[in-house]
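Sharing a model prediction with you, sequence too.
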Amino acid sequence: MNKFLLLAASAALICYAPKSLAQAPVLGTSSSFALFSTNGAVSNTGFSHLTGNVGTNNGSSTNFGNVDGVMHDADIATAIAAADLTIAYNQLDAAIPQFFPAPLLGNGQTLFAGTYAIGQSASLSNTLTLDAQGDPNAVFIFQVEGSFSSSAGAQVLLANGALACNVFWKIEGLADFATGTSLKGTIVANNAAIIMNSGVTLEGRALSTTGAITISGATVRTPIGCGSADLNGPVEPALGSVACFTVFSGSGEVTNTGISFVNGDVGTNVGLTTGFQADNVTGTVHANPDIFTAQCAADLSVAYTHLNVLPNDIELLYPAVFGNDLVLTPHTYILNGATVITGELVLNAEDNEDAVFVIKVNGALSTATYAKVILINGAKAENVYWKIDGAVNLNDYAEFKGTLICNNGAMILNTGVAVEGRALSTTGGVSTFGINAMMTPGCDLLATSDFASTIKAVTFSPNPFSSELNITMTDNASEANSEMSLYNALGQIVVKQTLSANTIRINTDLASGIYFYKITNSGKMIQSGKLISK
């Protein structure tokens, strides 16, 4: 009977073990690296996307494109990181295991917090779920006494509060991850290489005590949480009165061709402002310089100086291939050369809605057709600033976010460009060609002027739309004298609809493409934007 009770008690301990059975190692400065080797080359092929530092203490880092982090090769930072990695490895190696799983991990398996020891080479297939059981401090340590590999498409999933920053893999051999593998946690390979093939994603770090690290079209981002500092970015500039302008030049003609919709003031302090239709501008068109434009020119100069002297955190080394799905986090970035945005540039605030992004370009800035700046995880256009020392050319149908300050250069915003922010030049003409621009918050006159009407009162769904488009209005917009006009890329009205109910469904027969809408109330524009027909 006693023997039976002892066995039952042992089984109960296994089933109801404490939620936190393992202790996370202290990574020190090595935690800032997405990829790091104490002794070995670090190399890349194809487009890889990295958030975190990259480097080696003995070797070189080669063929990386733009990295959201600092490149370090054999410098003070790598020497300290190498020492810190040794400490972390020793702590992982000394962790006392509680569980001894089979060497084939995954295949729908679920594991709870603790230290897992595998006394030989191991592999990962299909899905492995790490379940924190509601404990945000749950730590998972895997000690693999040999090589570690994955099958194509294998996944590590996190459940019930598990965090990638609390997952650690200590590998005593080659770590080789097949195409499409999705991993979580910090990988520490001891005296061995790490290989990440095409499409591998890692929320964590790939660190080697001695061995090369090779990636090909992989995505690696250092994890957040577990006491990591929130990224706030730099101190944003004070725009002063120029915050009330969406399109402005301190010195240069401001001209428009075609049908442009602008929420905010338009003007210049030296020259003329021409071509803008007053009905399509929510704000004031300053046709000639006046007392307001003079103050704006002075305030713009102050804002430019603020951005210009900000020390940069990260240099993006390849300005000619900016974009291409690059993800940036709240920092001050610098690109030392003519910069071209191709495809998508993603700004990730990491759930910090107050985070600021500053991107400084020492040269001209241009975009490819249909290039986009995309905001995710709480990023706001009002917290994004661009300082450009050169000309600006936003190509057809580009979508731009943030306040753009061009110094001593002309600005061209081509057909279909959409700007959520501002287009400002200290010295240089600004030319627009059928654009849609809406300034972000910051104008102190919002409560007492026409700018109050920039608050969005109408929403559209779906967008993109096909044969039907639903229009939903707030109560203060649902009036019989509100009207929607839909324009094609040539500025021709293709749909005109009176808005007399909270929700209206209209049938459309429009060709695929980009369209612009304007909402007017009593003849005054209260909202504008872009819709896509598919």
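Done, it's in.

next one: phi and psi at the nearest residue to Gly442 once chain neighbours are set aside?
Closest residue to Gly442 apart from its sequence neighbours, by CB to CB, 6 or more residues apart in numbering: Ala243 at 3.8 Å. (Each C-beta comes from the backbone N, C-alpha and C, glycine too.) Here is the backbone geometry of Ala243 (degrees, to the nearest 10): phi -60, psi -20.

and if you look at Gly69?
Phi and psi for Gly69, reported as degrees, to the nearest 10, are phi 180, psi -180.

The closest residue to it other than its chain neighbours - how many residues pack around it?
Among residues not flanking Gly69 along the chain, Asn53 sits closest, at 4.3 Å (CB to CB, 6+ apart). The local packing of Asn53 (other CB atoms under 10 Å) involves 26 other residues.

Neighbours of Lys496, how many?
9.

That one against Ser485, yeah?
Yes - Lys496 lies in contact with Ser485 (CB atoms under 8 Å); the separation is 5.3 Å.

thinking the residue nearest to Gly69 is in contact with Phe33, fair?
Yes - using CB under 8 Å, Asn53 is in contact with Phe33, at 4.6 Å.

Find residues that contact each of those two.
69, 72 (CB atoms under 8 Å, 6 or more residues apart in numbering).

ok so Glu382 is a helix residue?
Yes - assessed by DSSP: H, G, I helix; E, B strand; the rest coil, Glu382 belongs to a helix.

what about it, distance to Ile80?
Distance, Glu382 to Ile80, by CB to CB, to the nearest Å: 37 Å.

Repeat that for Gly211.
Relative to Ile80, Gly211 is positioned 20 Å away (criterion: CB to CB).

Low-confidence stretches in the protein?
Filtered on pLDDT under 70, the chain yields the residue ranges 1-20, 444-457, 474-481, 489-491, 523-526.

Domain map for it?
In terms of domains, the chain is parsed into 28-221, 240-438, 456-533 (source: automatic domain parsing).

Now those in JSON lines, please, with extra columns for distance to Ala22.
Shown next, in JSON lines, are the domains of the chain (distance: least, CB to CB, whole Å):
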{"stretch": "domain 28-221", "distance to Ala22": "4"}
{"stretch": "domain 240-438", "distance to Ala22": "26"}
{"stretch": "domain 456-533", "distance to Ala22": "47"}
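
Cross-check the contact I'm expecting between Asp351 and Gly378.
Yes - here Asp351 reaches Gly378: they are 5.0 Å apart, a contact under CB under 8 Å.

quick one, helices of the stretch 251-400 of the chain?
Under the criterion DSSP state H, counting those that start in this stretch, the stretch 251-400 of the chain contains helices at 291-309.

how far does stretch 297-309 sit from the chain's center?
26 Å (CA atoms, centre = their mean, to the nearest Å).

same question, stretch 266-274
34 Å.

now stretch 302-320
18 Å.

got the end-to-end distance for it?
29 Å (CA to CA, to the nearest Å).

and for it, what are the contacting residues?
Outside stretch 302-320, the residues within contact range by CB under 8 Å, 6+ apart are 64-71, 234-235, 237-240, 242, 322, 326, 331-340, 358, 360-361, 363, 385, 387, 405, 407, 426.

any idea how far Asn107 is from Asn126?
Look at Asn107 and Asn126: by CB to CB, they are 5 Å apart.

For Asp230, which of the domains of the chain is the nearest?
Of all these, it is domain 240-438 that lies closest to Asp230, at 5.6 Å by CB to CB.

so where does Glu203 fall, helix or strand?
For Glu203, the host element (DSSP states H and E) is strand 201-208.

Which elements pack onto that strand?
Under the contact criterion of 3 or more CB pairs under 8 Å, 6 or more residues apart in numbering; DSSP states H and E, strand 201-208 touches strand 33-37, strand 182-189, strand 194-196, strand 219-221.

Please render these as TSV that adds mean neighbour count and distance to Tyr517 to the earlier fields.
Converted to TSV, the helices and strands packed on strand 201-208 look like this (neighbours: other CB atoms under 10 Å; distance: least, CB to CB, whole Å):
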stretch	mean neighbour count	distance to Tyr517
strand 33-37	30	42
strand 182-189	25	40
strand 194-196	25	45
strand 219-221	23	36
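
out of these, nearest to Thr268?
Proximity to Thr268 (CB to CB) singles out strand 219-221 among the helices and strands packed on strand 201-208, at 42.6 Å.

List the neighbouring strands of the closest one plus their orientation.
In its sheet, strand 219-221 lies beside strand 49-51 (parallel), strand 201-208 (parallel), with partners assigned from DSSP bridges.

Doesn't Ser30 lie inside a helix?
Yes - counting by three-state DSSP, Ser30 falls inside a helix.

right, and it touches Asp84 too?
Yes - between Ser30 and Asp84 a contact is recorded at 4.6 Å, counting by CB under 8 Å.

neighbour-wise, which of Glu382 and Ile80 wins?
Glu382 (20 against 14).

In this structure that one contacts Pro441, no?
Yes - taking contacts as CB under 8 Å, Glu382 lies within contact range of Pro441: 5.2 Å.

can you pull the contacts of Val281?
Here Val281 is in contact with 261-263, 266, 525 (CB under 8 Å, 6+ apart).

Kindly recompute the last result at 10 Å.
246-247, 256, 260-266, 437, 450, 525, 528 (CB atoms under 10 Å, 6 or more residues apart in numbering).

Leu345 now?
Counted by CB under 10 Å, 6+ apart, Leu345 has contacts 66, 322-328, 359, 367, 371-374, 400-401.

nearest to Ser251, of those?
Among the contacts of Leu345, and counting by CB to CB, the member closest to Ser251 is Phe400, at 22.6 Å.

returning to that earlier point: could you name every residue contacting both of Ser30 and Asp84?
Taking CB under 10 Å, 6+ apart as the contact rule, Ser30 and Asp84 both touch 36, 38, 207.

With adjacent residues omitted, what lies nearest to Gly185?
Of all residues not flanking Gly185 in the chain, Val167 sits nearest, at 2.9 Å (CB to CB, 6+ apart).

number of nearby residues for the one you found?
Count around Val167 with other CB under 10 Å applied: 26.

For it, list each beta-bridge partner.
Beta-bridge pairing for Val167 (DSSP bridges): Phe140.

i'd like the first residue to be 842 from this point on
Got it, first residue is 842 now, which makes that one Val1008.

ok, it touching Gly1066?
No - using CB atoms under 10 Å, Val1008 makes no contact with Gly1066, being 11.2 Å away.

show me where the stretch 892-1041 of the chain has helices.
Going by DSSP H, counting those that start in this stretch, the stretch 892-1041 of the chain shows helices at 917-935.

residues touching Asn1193, list them.
For Asn1193, the contact set (CB under 10 Å, 6+ apart) comprises 1065, 1071-1074, 1170-1171, 1218-1220, 1224.

what's the closest of the residues you listed to Ser1353?
Ala1220 (29.0 Å).

Could you measure from the residue nearest to Gly1026 over to Phe953?
Taken as CB to CB, the span from Val1008 to Phe953 is 12 Å.

anything in contact with each of those two?
With CB under 10 Å, 6+ apart as the test, Val1008 and Phe953 both reach 971, 973, 979, 981.

Quick check: phi and psi at Ala1081.
Ala isn't right for residue 1081; it's Gly. The phi/psi pair for Gly1081 (degrees, to the nearest 10) reads phi 60, psi -140.

Can you get me a residue count around Thr1210?
Using other CB under 10 Å: Thr1210 sits among 13 other residues.

May I ask you to confirm that it is in contact with Asn1255?
Yes - Thr1210 lies in contact with Asn1255 (CB under 10 Å); the separation is 8.6 Å.
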